[in-house]
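My questions concern the predicted model and sequence given below.
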Amino acid sequence: MNIFVAKLNFKTRKEDLEKAFSQYGQVASAKVITDRETGRSKGFGFVEMPNDDEANKAIAALNESELDGRTIVVKPGNAK
DNA sequence: GGTGAGCGA
């Protein structure tokens, strides 16, 4: 399942998302959308989880939760 | 070097 994560801290990296989501389930890959020109974080990213059950509980647990000192928004991304 | 709603190269 693709998971959309928004309102991240600007210093939050993809590995931070990976370890955060891995606490509630298996994480296939995590990505933080950084500006390809400047390299600065856009403040949102995507997390891919193989298990949909773990993905749902990870969203429920991490949505509106505190990550790196900022309240983040976690919800399903572009499903395929 | 900073901002703060939104879906990536």
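Nice, thanks for sending it over.

where does the residue lying closest to A:Ala79 once chain neighbours are set aside land on pLDDT?
Excluding its sequence neighbours, the residue lying closest to A:Ala79 (CB to CB, 6 or more residues apart in numbering) is A:Asn2, at 6.4 Å. For the C-beta atoms, the positions are set from N, CA and C on the backbone; glycine is no exception. Per-residue confidence (pLDDT) for A:Asn2: 96.

With A:Lys14 instead?
95.

What is the neighbour count of it?
By other CB atoms under 10 Å, the residues close to A:Lys14 number 17.

likewise A:Arg36?
Using other CB under 10 Å, A:Arg36 has 7 other residues around it.

I'd like the distance between it and DNA strand B.
5 Å (CB to the nearest atom of the strand, to the nearest Å).

and what of A:Asp53?
20 Å.

Report the buried residues of whatever helix or strand that residue lives in.
Assigned by DSSP states H and E, A:Asp53 belongs to helix A:52-62. Buried residues in helix A:52-62, counting neighbours by 16 or more other CB atoms under 10 Å, are found at A:54-56, A:58-59, A:62.

for stretch A:44-51, same thing?
In stretch A:44-51, counting by 16+ other CB under 10 Å, buried: A:44-49.

Contacts for it, please.
Stretch A:44-51 is contacted from outside by A:1-8, A:12, A:14, A:17-18, A:21, A:25-33, A:55, A:58, A:77, using CB atoms under 8 Å, 6 or more residues apart in numbering.

Tell me how far A:Ile3 lies from A:Gly39.
Distance of A:Ile3 to A:Gly39, computed by CB to CB, to the nearest Å: 23 Å.

repeat for A:Phe21
23 Å.

Who has more neighbours out of the two?
A:Phe21 (25 against 7).

can you list the residues of chain A near DNA strand B?
With CB under 7 Å from any atom of the strand as the criterion, chain A meets DNA strand B at residues A:2, A:4, A:6-10, A:31, A:33, A:35-36, A:38, A:40-44, A:46, A:48, A:70, A:73, A:75-78.

tally of neighbours for A:Lys7?
A:Lys7 has 14 nearby residues by other CB under 10 Å.

likewise A:Ser22?
Neighbour count of A:Ser22, defined by other CB under 10 Å: 15.
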